[in-house]
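Q: Can you look at this prediction? I've put the sequence above it.
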Amino acid sequence: MDELSTIVGPAHVRTAPGAIAPYARDATPLHSHPPDVVVHPGSVDEVAAVLRLATRKRVPVVPRGAGSNLCAATVPLTGGIVLALTRLNRIREINAEELLAVCEPGVPTADLASAAAAQGLLYPPDPGSRSVSTLGGNVATCAGGLRGLKYGVTRNYVLGLEVVLPTGEIISTGGRLWKDVAGYDLTRLLTGSEGTLGVITEVTVALLPMPGHSACGVAYFRSLVEAGEAVTRVITGGIVPATLEFLDQRCINAVEDHAQLGLRRDAGALLLFGDDGDAAQVATHLDRIGAICADAGALEWTVARDVVESEALLAARRCSLPALARLGPLTILEDVTVPRPRLAEMVSRIDAIAERHDLTIGTFGHAGDGNLHPTCVLHPDDEAAIVRAHAAFSEIFRDALDLGGTITGEHGVGAAKLPYLAQRLGAAQLALLRRVKAAFDPAGILNPGKLGS
Ligand SMILES: Cc1cc2nc3c(=O)[nH]c(=O)nc-3n(C[C@H](O)[C@H](O)[C@H](O)COP(=O)(O)OP(=O)(O)OC[C@H]3O[C@@H](n4cnc5c(N)ncnc54)[C@H](O)[C@@H]3O)c2cc1C
């Protein structure tokens with residue numbers, strides 16, 4: 001501890017049980033293990049010195065942003081150091097001419113979005129957790145969000161990274177350039193590496209001009225099969241809206257109980273659609289999407305009349321998780337992706353699995369991306385139900401793979417999904433991942449028990 005105190009200052013090293021307890025877990029239920037020490041570095045040089053020390057002494061280090069991940073990616077499974085990066089929270093530059101921002105890793109996503117908006121610029125990735133999640137965490141998990149269909153996910157905006165390797169070397173990958181193919185694309189490799197290859201200490205992201213107008217609409221369907229059909233017809237109809245989200249009937253009712261937004265409780269599913277750009281074009285797109293939904297059998301569709309109504313519709317999607325969480329004290333939120341045309345089939349399979357295991361599972365997600373969040377609500381004292389939930393989710397992962405999908409679309413692998421990774425990647429690719437990990441982190445100190453283990 002003395003050496004850590006010398007590096008970052010005694011005020012930034014925590015070992016008291018009360019101070020380290022919050023770092024034993026993240027937003028993932030049922031996973032926890034305390035670190036030995038929590039260190040809050042204040043500069044890249046301090047990060048490098050901590051990592052050099054940890055490699056020399058073979059002490060595990062778990063990088064951490066806001067701890068909002070949903071796959072136990074920051075649980076320090078074998079103790080050691082939690083390296084909390086939230087002191088590094090300055091936006092260093094927003095450059096309207098170069099359309100980019102340079103930030104420290106602890107900047108909350110929403111702070112960057114607001115600062116960019118103040119200069120008429122858009123930072124598109126918008127995870128539901130954006131008010132707390134950090135840019136470093138977003139990059140390390142390649143976070144998605146509600147605008148993924150049109151704008152892509154975090155990886156589409158990362159231009160460059162400053163990263164400290166576990167050995168203490170500081171590297172810069174990519175940078176401010178829009179075109180640069182010098183060497184392997186380490187920026188892409190590090191994006192989504194879940195704190196297992198290096199510690200991100202600076203992020204350069206691309207920005208876009210802020211669209212002049214945005215608006216939303218909603219369509220109600222008897223079933224998710226009809227909603228899924230509407231999604232396919234929207235895309236094949238030549239429209240790629242910014243937002244195309246769905247809620248199943250359980251979610252609609254939970255949201256309505258929670259927030260009284262006036263949603264139609266008798267619907268089997270709803271589709272929330274939104275677009276941005278030129279006002280006239282947005283209005284045309286939303287009307288066309290509504291008409292396509294009607295053709296696909298929608299019970300009803302409407303377009304929000306103003307920003308307040310649009311925000312209320314988006315709130316329906318954003319509050320799905322807290323609304324479901326009110327149904328039981330333990331909420332397990334999962335994350336699978338299937339090819340878009342298989343979305344409805346995947347939801348039917350999830351419903352059948354929930355029924356077979358006698359579980360309450362509501363499903364919402366990013367219909368346009370084929371990304372579903374089946375969410376199981378139960379009681380933490382009901383051990384039998386927890387066992388059934390684990391069995392149900394492993395069937396859900398198997399079925400997603402069976403439909404040509406994946407075990408995680410945006411939340412990451414962490415410790416929670418590691419047991420399923422081989423099913424997705426196969427033995428040869430998993431072995432390659434481990435060799436990549438060993439090349440970056442020969443002593444195996446960085447986030448052990450996660451990707452690359
Ligand atoms: C209510 C809610 C809604 C959510 N909505 C979404 C959503 O819409 N889309 C989505 O993709 N996710 C969502 N998430 C999940 C989560 O918020 C994201 O994964 C987010 O990117 C995590 O950011 P964080 O700062 O909390 O990172 P943490 O949870 O602290 O860390 C996540 C991973 O990144 C690593 N890491 C963190 N900082 C660094 C760094 N500087 N250098 C290297 N590695 C680092 C950690 O080791 C860990 O592996 C949601 C979570 C909640 C609770």
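A: That came through, no problem.

Q: Within the sheet, what are the partner strands of the helix or strand in which residue 201 is found, with directions?
A: Using DSSP states H and E, residue 201 falls within strand 199-206. Sheet partners assigned to strand 199-206 using DSSP bridges are listed as strand 100-103 (antiparallel), strand 158-164 (antiparallel).

Q: Beyond it, next helix or strand please.
A: For strand 199-206, the following helix or strand on the C-terminal side (DSSP H and E) is strand 208-209.

Q: list the helices and strands that next one packs on?
A: On a contact count with 3 or more CB pairs under 8 Å, 6 or more residues apart in numbering; DSSP states H and E, strand 208-209 meets strand 121-122. Yep, even glycine has a C-beta here, placed from its N, CA and C like the rest.

Q: Could you name the helices and strands sitting against the strand it packs on?
A: The contact analysis (3+ CB pairs under 8 Å, 6+ apart) places strand 121-122 against strand 208-209.

Q: The strand it packs on pairs with which strands, and in what direction?
A: strand 121-122 (antiparallel).

Q: For the stretch 301-450 of the chain, give me the ranges with low pLDDT.
A: Counting by pLDDT under 70, the stretch 301-450 of the chain contains no low-confidence range.

Q: Near the ligand, which residues of it are found?
A: By CB under 6 Å from any ligand atom, the residues of the stretch 301-450 of the chain that approach the ligand are 321, 410, 411, 447.

Q: mind putting those in JSON lines, secondary structure and neighbour count included?
A: Listed next are these as JSON lines, based on DSSP: H, G, I helix; E, B strand; the rest coil; neighbours: other CB atoms under 10 Å:
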{"residue": "321", "secondary structure": "helix", "neighbour count": "21"}
{"residue": "410", "secondary structure": "coil", "neighbour count": "23"}
{"residue": "411", "secondary structure": "coil", "neighbour count": "26"}
{"residue": "447", "secondary structure": "coil", "neighbour count": "33"}
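
Q: and these, which two are the farthest apart?
A: 321 and 447 (25.2 Å; CB to CB).

Q: pLDDT score for residue 288?
A: Residue 288 carries a pLDDT score of 96 in this model.

Q: Over to the one 10 residues further on?
A: Residue 298 is assigned a predicted lDDT (pLDDT) of 97.

Q: Next, count neighbours for it.
A: Other residues lying near residue 298 total 23 when counted by other CB atoms under 10 Å.

Q: Going by length in residues, pull out the top helix of this structure.
A: Secondary structure of the chain per DSSP state H: the longest helix is helix 418-440.

Q: Can you name every helix or strand that it contacts?
A: On a contact count with 3+ CB pairs under 8 Å, 6+ apart, helix 418-440 meets helix 383-402.

Q: For the helix it packs on, give me every contacting residue.
A: Residues from elsewhere that reach helix 383-402, judged by CB atoms under 8 Å, 6 or more residues apart in numbering: 30, 330, 332, 334, 336-338, 346, 349-350, 353-354, 356-359, 361, 374, 376, 378-380, 406-407, 417, 420, 423-424.

Q: likewise stretch 296-303?
A: Contacts for stretch 296-303 (CB under 8 Å, 6+ apart): 215-222, 226-227, 229-230, 233, 264, 267, 271, 283, 286-287, 290, 293-294.

Q: change it to 6 Å
A: Contacts to stretch 296-303, defined as CB atoms under 6 Å, 6 or more residues apart in numbering, come from residues 217, 219, 220, 221, 226, 229, 230, 233, 286, 290, 293.

Q: Going through those, which ones are buried?
A: With neighbours counted by 16 or more other CB atoms under 10 Å, these contain buried members at 217, 219, 220, 221, 226, 229, 230, 286, 290, 293.

Q: just checking, residue 245 is part of a helix?
A: No. Checked against DSSP: H, G, I helix; E, B strand; the rest coil, residue 245 lies outside a helix; its state is strand.

Q: Show me which of the contacts of helix 383-402 are buried.
A: Buried among the contacts of helix 383-402 by 16+ other CB under 10 Å: 330, 332, 334, 336-338, 346, 349-350, 353-354, 357, 359, 361, 374, 376, 378, 406-407, 417, 420, 424.

Q: Return the subset of the residues you listed lying in strands.
A: 330, 332, 336, 337, 361, 374, 376, 378 (DSSP state E).

Q: Could I get the contacting residues of the third one?
A: Read it as residue 336. 372, 400, 405 are the contacts of residue 336 under CB under 6 Å, 6+ apart.

Q: ok, now with 7 Å
A: When contacts are counted by CB atoms under 7 Å, 6 or more residues apart in numbering, residue 336 touches 372, 396, 397, 400, 405, 406, 407, 409.

Q: Would you check how far apart residue 436 and the ligand are?
A: For residue 436, the distance to the ligand equals 15 Å [CB to the nearest ligand atom, to the nearest Å].

Q: Once you drop chain neighbours, what's closest to that residue?
A: Closest residue to residue 436 in three dimensions, ignoring its sequence neighbours and counting by CB to CB, 6 or more residues apart in numbering: residue 452, at 6.8 Å.

Q: got a list of what that neighbour touches?
A: Counted by CB under 7 Å, 6+ apart, residue 452 has contacts 196, 433, 434, 436, 437.

Q: follow-up on the earlier one: pull out the buried members of the contacts of residue 336.
A: Buried subset of these (neighbour count, 16+ other CB under 10 Å): 372, 396, 397, 400, 405, 406, 407, 409.

Q: quick one: the first one is in a strand?
A: When you say that, I think you mean residue 372. Yes. When three-state DSSP is applied, residue 372 is found to be in a strand.

Q: Make sure it is actually in contact with residue 346.
A: Yes. Residue 372 lies in contact with residue 346 (CB atoms under 7 Å); the separation is 6.0 Å.

Q: Tell me where the stretch 151-300 of the chain has strands.
A: Listed in chain order, the strands of the stretch 151-300 of the chain (DSSP state E, counting those that start in this stretch) span 158-164, 170-174, 199-206, 208-209, 213-221, 243-248, 269-277, 300-303.

Q: what angle sits between the fifth one and strand 269-277?
A: Here strand 213-221 points in a direction 160 degrees away from that of strand 269-277 (axes from the mean of the first three to the mean of the last three CA atoms, to 10 degrees).

Q: separation between residue 184 and residue 51?
A: Distance of residue 184 to residue 51, computed by CB to CB, to the nearest Å: 22 Å.

Q: Which strands and helices lie in contact with the one helix or strand residue 317 maps to?
A: If you go by DSSP H and E, residue 317 is part of helix 307-318. Counting contacts by 3 or more CB pairs under 7 Å, 6 or more residues apart in numbering; DSSP states H and E, helix 307-318 packs against strand 213-221, strand 243-248, strand 269-277.

Q: I appreciate the help and will end here.
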